[in-house]
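Undergrad: what shape does this take:
(4 chains)
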Protein chains: 2
Amino acid sequence: MVVDQGSAPDIDKVFQALADSTRRDIVSRVATSEFSVSGLASLYAMSFAAVQKHVAVLERASLVTKEKRGREQIVRGNHEGLAKARSLLDGYEALWRQRAGLIVDLLNEKQA
Amino acid sequence: MVVDQGSAPDIDKVFQALADSTRRDIVSRVATSEFSVSGLASLYAMSFAAVQKHVAVLERASLVTKEKRGREQIVRGNHEGLAKARSLLDGYEALWRQRAGLIVDLLNEKQA
DNA sequence: CTAACGTACAACCAAATGGTTGTAGATCAG
DNA sequence: CTGATCTACAACCATTTGGTTGTACGTTAG
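TA: Model prediction:
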């Protein structure tokens, strides 16, 4: 398929991970600096375990990485997942722009 | 501001909508041509009602629009929701590039 | 008019999600 | 060593999600 970049389950994980405002906030914070999991947890009005789960979701989506440092786990932004999502949306954008001048579009109007 | 970035719940809906491969396939198909809901339903190995629900999710996320034509509902791509998601991801990308410690940054990209 | 088609929507179900509390293992400070 | 801190993970709960079937209604074709 034209738009497909990476396997569907992986893309599912990326968008699913981004579909939560707490997780998006974590992504934007770790994009510019490092945080321990507990450092992140102190920012939100929810339990440590809840934040831990959010970080795990982001990690599975390749949007962040964790690295053990002493007794802390340092969370950093990971470009990989973000790039996946962006390239997919760029693909849709390209399709969309392609549509404007497409005569085939008119021919296919009744097609199902 | 040129592009409205949208409220958090709206963004939630867009990413949530994109976190399903059937819905992403619908988005890519209606990006270039029109489909009735039943036309879309014939493409997937699931019930009409299931596809109807997927379209409803996409519509609530402003990723598609529906327009009644006779007894059919014509589904078209809508640029609005897509633009929302893209501008948000572009924002993350910008944060990422602003990040201090650029050497470490580049090393991380090599690994990915 | 009648039958078939396209849609809408409700009710139901299993699984996933987002949160909680509690327990336990490492690691650091004193 | 002891205690505080950071993390991991299990169990539990309410809500949402993604699917189903069934019913109802407007629209088009014959």
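Undergrad: contacting residues for the closest residue to A:Leu63 other than its chain neighbours?
TA: Spatial nearest neighbour of A:Leu63, excluding adjacent residues (Cβ to Cβ, 6 or more residues apart in numbering or on different chains): A:Gly81 at 3.9 Å. Heads up, the C-betas are built off the backbone N, CA and C, glycines and all. Applying Cβ atoms under 8 Å, 6 or more residues apart in numbering or on different chains to A:Gly81 gives the contacts A:Lys13, A:Val14, A:Ala17, A:Leu58, A:Ala61, A:Ser62, A:Leu63.
Undergrad: do you know how far the closest residue to DNA strand C within chain A is from A:Ser36?
TA: Residue nearest to DNA strand C within chain A (Cβ to the nearest atom of the strand): A:Gly70, separated by 2.6 Å. For A:Gly70, the distance to A:Ser36 equals 10 Å [Cβ to Cβ, to the nearest Å].
Undergrad: between the two, which one's more packed in?
TA: Neighbour tally, A:Gly70 and A:Ser36, criterion other Cβ atoms under 10 Å in any protein chain shown: the higher count belongs to A:Ser36, 16 against 7.
Undergrad: from A:Ser28, how far off is A:Leu18?
TA: Going from A:Leu18 to A:Ser28 by Cβ to Cβ gives 11 Å.
Undergrad: more crowded one of the two?
TA: Higher neighbour count among A:Leu18 and A:Ser28: A:Leu18, with 29 against 15, using other Cβ under 10 Å.
Undergrad: partner residues bridging A:Arg69?
TA: Judged by DSSP bridges, the bridge partners of A:Arg69 are A:Glu72.
Undergrad: number of nearby residues for it?
TA: Look at A:Arg69: counted by other Cβ under 10 Å, it has 10 neighbours.
Undergrad: tell me the confidence at it?
TA: The score at A:Arg69 is 96. That number is its pLDDT.
Undergrad: now do the one 3 residues further on
TA: Turning to A:Glu72, the model gives it a pLDDT of 97.
Undergrad: can you check A:Pro9 too?
TA: On pLDDT, A:Pro9 comes in at 81.
Undergrad: list the buried ones in whatever helix or strand it lives in?
TA: Counting by DSSP states H and E, the element that carries A:Pro9 is helix A:8-18. Neighbour counts using 16 or more other Cβ atoms under 10 Å in any protein chain shown place A:Ile11, A:Asp12, A:Lys13, A:Val14, A:Phe15, A:Gln16, A:Ala17, A:Leu18 of helix A:8-18 among the buried residues.
Undergrad: same thing with stretch A:58-72?
TA: Going by 16+ other Cβ under 10 Å, stretch A:58-72 has these buried residues: A:Leu58, A:Glu59, A:Ala61, A:Ser62, A:Leu63, A:Val64, A:Thr65, A:Lys66.
Undergrad: do stretch A:39-55 as well
TA: A:Gly39, A:Leu40, A:Ala41, A:Val51, A:His54, A:Val55.
Undergrad: how much space between the closest residue to DNA strand D within chain A and A:Ala45?
TA: The minimum distance from chain A to DNA strand D, using Cβ to the nearest atom of the strand, falls at A:Ser38 (2.8 Å). For A:Ser38, the distance to A:Ala45 equals 15 Å [Cβ to Cβ].
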